[in-house]
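>>> dropping a prediction and its sequence here:
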Amino acid sequence: MHKSLLKNQFQYSPKKILLGFIVWGIFWTLIQTLVLHRLDLEWKVAFIDACVSNVLLALLCYTAIIIYRFYQPGNGNRFYRFIYAFGITMLYCVVLHWTLNWILPSEISYLDFLNRSMPCRFVGAFLILSFVTLLNWMWNLLKDQKEQEERRNEAEQLVKDAELVKLRQQLQPHFLFNSLNSISALAGSKPDEARQMIQQLSDFLRGTLKKDEQKIVPFGEEMAHLKLYLEIEKVRFGHRLNIEINVAKEILNATIPPLLLQPIVENAIKFGLYGTIEDILVNIDAKSDPSYLFVEVKNPYDAQTHGAAKGTGFGLSSIQRRLFLLYGRNDLLTTEKSETIFSTRLKIPQLKA
């Protein structure tokens with residue numbers, strides 16, 4: 001936001017405004033000189049009239065813009081702008097009349113023309129000053145709206161980032177508590193496996209901390225982190241848990257939000273193992289195209305026992321919320337149930353380089 005404000009101030013610098021008035025003044029002076037000469041004034045007199053008129057008007061317009069840089073009437077005082085334009089036009093006419101009378105005192109016919117043309121000069125100057133005032137008001141209005149929009153976007157982004165961090169932090173304790181309970185159960189009967197699980201849990205949590213500040217990671221990195229989690233779960237459940245991963249090497253460079261797959265696979269293991277003492281198979285399949293990365297996780301599903309195992313639904317709902325905050329879409333996570341299989345599908349948009 002600060003860079004944008006500096007850019008706006010640079011575009012609004014007095015030097016640029018003054019340069020614009022000089023260019024406009026030179027062009028209009030030549031036009032006005034030609035018009036006054038066609039009205040039977042001598043070239044010299046016409047040129048002096050045009051120079052004095054345009055230099056004075058340009059200075060007053062420039063002064064008005066500088067004043068509005070430091071003072072902007074509120075919405076209830078917008079009428080003051082036109083009062084100012086009227087007053088400064090009166091000043092313009094008085095100063096113009098006195099200056100031309102002082103420069104060309106011997107040009108009797110010209111001074112008569114000057115007196116008769118003052119009403120037209122007043123109207124023209126008032127219209128120009130009113131236009132400058134209106135243009136200045138519109139420019140500042142657009143500038144204020146842009147700054148407000150930038151502040152609102154920055155505030156919304158901060159809220160989104162805070163919510164994403166909160167969602168990730170809420171997911172981790174659930175897995176950590178389960179792992180610690182398993183370590184406790186293994187410590188007495190299988191101390192070697194307990195030590196192995198502690199080391200794996202340490203590696204997993206270390207990787208989790210590294211990802212906390214990242215919004216997008218390579219899919220290969222996410223899969224490596226997921227495999228650490230699966231090694232812990234295999235220690236917990238032993239031969240009962242089987243994992244089949246079908247991921248082609250060419251899609252490992254695709255991108256995905258970090259820590260997105262672990263709660264989905266955790267959910268699949270939880271409901272796949274519940275209500276059965278048999279071995280289960282959890283499938284993880286991934287493929288991609290230039291626009292999306294597709295990931296599908298499938299686990300065994302028993303409609304009769306699923307009701308007793310039903311949890312709060314926090315895992316999948318939190319993932320849905322994270323995807324909405326990152327991509328602004330609610331169709332990136334879908335689930336499907338059959339008689340024996342529960343499928344969770346992710347569709348992750350790929351940002352083009």
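Received the coordinates, thanks.

>>> show the pLDDT at Ser184.
Residue-level confidence at Ser184 comes out at 80, pLDDT.

>>> ok, it - how many residues close by?
Using other CB atoms under 10 Å, Ser184 is surrounded by 10 other residues. All C-beta atoms are positioned from the backbone trio N, CA, C, and that covers glycine.

>>> what's the helix or strand encompassing it packed up against?
Using DSSP states H and E, Ser184 sits within helix 108-189. Helices and strands touching helix 108-189, by 3 or more CB pairs under 8 Å, 6 or more residues apart in numbering; DSSP states H and E, are helix 2-11, helix 43-70, helix 79-103, helix 191-211, helix 219-237, helix 261-273, helix 314-327.

>>> could you find the closest non-adjacent residue to Met197?
The shortest distance from Met197 to any non-neighbouring residue, by CB to CB, 6 or more residues apart in numbering, is to Val235 (4.6 Å).

>>> quick one: mean pLDDT for stretch 198-210?
So the average pLDDT for stretch 198-210 ends up being 72.

>>> burial of Tyr84, as a residue count?
Neighbours of Tyr84 under the rule other CB under 10 Å: 17.

>>> how close does the spatially most central residue of the chain sit to Gly272?
Central residue of the chain (CA atoms, centre = their mean): Asn153, 5.6 Å from the mean position. If you measure Asn153 against Gly272 using CB to CB, to the nearest Å, the figure is 42 Å.

>>> could you measure from the residue nearest to Cys93 when sequence neighbours are not counted over to Thr255?
Computed as CB to CB, 6+ apart, the closest residue to Cys93 that is not its neighbour in sequence is Phe122, at 5.2 Å. When distance is defined by CB to CB, Phe122 is 66 Å away from Thr255.

>>> for Leu41, same thing?
In terms of CB to CB, Leu41 sits 74 Å off from Thr255.

>>> also Ala125?
Distance from Ala125 to Thr255, by CB to CB: 61 Å.

>>> who has more neighbours, the two?
Higher neighbour count among Ala125 and Thr255: Ala125, with 23 against 18, using other CB under 10 Å.

>>> helix, strand or coil for Lys287?
Per DSSP: H, G, I helix; E, B strand; the rest coil, the secondary structure class of Lys287 is strand.

>>> so what sits opposite it in the bridge?
When bridges are called by DSSP bridges, Lys287 pairs up with Phe294.

>>> is it true that it touches Glu250?
No: using CB atoms under 8 Å, Lys287 is not in contact with Glu250, being 9.7 Å away.

>>> among the two, which residue is more densely surrounded?
Using other CB under 10 Å, the more surrounded residue of Lys287 and Glu250 is Lys287, with 15 against 9.

>>> which residues does the more buried one contact?
Residues near Lys287 by CB atoms under 8 Å, 6 or more residues apart in numbering: 248, 251, 293-294.

>>> kindly check the end-to-end length of stretch 328-343 for me.
23 Å (CA to CA, to the nearest Å).

>>> tell me how far that stretch lies from the chain's centre.
Per CA atoms, centre = their mean, to the nearest Å, the displacement of stretch 328-343 from the mean C-alpha position of its chain is 30 Å.

>>> which residues does it contact?
Residues contacting stretch 328-343 (CB under 8 Å, 6+ apart): 268, 271-272, 296-303, 316, 319-320, 323-324, 344-349.

>>> list the buried ones in it?
Using 16 or more other CB atoms under 10 Å as the burial criterion, the residues of stretch 328-343 that qualify are 332-333, 342-343.

>>> so which of those residues sit within strands?
Cross-referencing the buried residues of stretch 328-343 against strands under DSSP state E gives 333, 342-343.

>>> just to revisit the earlier point, write the PyMOL selection for whichever of the contacts of stretch 328-343 are buried.
With 16+ other CB under 10 Å as the criterion, this PyMOL line picks the buried residues out of the contacts of stretch 328-343:
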select buried, resi 268+271+272+296+297+298+299+300+301+302+319+320+323+344+345+346+347+348
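
>>> still on that earlier bit, would you list the ones in strands among the buried residues of stretch 328-343 in TSV and tack on distance to Ile216?
Shown next, in TSV, are those (distance: CB to CB, whole Å):
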residue	distance to Ile216
Leu333	17
Phe342	27
Ser343	25
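
>>> redo the residues you listed as a markdown table? Include pLDDT and distance to Ile103.
Shown next, in a markdown table, are those (pLDDT from 0 to 100; distance: CB to CB, whole Å):
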| residue | pLDDT | distance to Ile103 |
| --- | --- | --- |
| Leu333 | 93 | 80 |
| Phe342 | 90 | 94 |
| Ser343 | 92 | 91 |
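
>>> so which of the residues you listed is the closest to Ser184?
Phe342 (29.6 Å; CB to CB).

>>> specify the beta-bridge partners of the closest one.
Counting by DSSP bridges, Phe342 is bridged to Asn299, Lys337.

>>> ok, Phe86 - contacts?
Contacts of Phe86 by CB under 8 Å, 6+ apart are Phe126.

>>> can you give me the neighbour number for Leu325?
17.

>>> burial of the nearest residue to Thr63 once chain neighbours are set aside, as a residue count?
Nearest non-adjacent residue to Thr63, counting by CB to CB, 6+ apart: Ile88, 7.9 Å away. The number of residues packed near Ile88 is 20, by other CB under 10 Å.

>>> what does Leu127 give?
So Leu127, with other CB under 10 Å, has 12 neighbours.

>>> fine, thanks again, bye for now.
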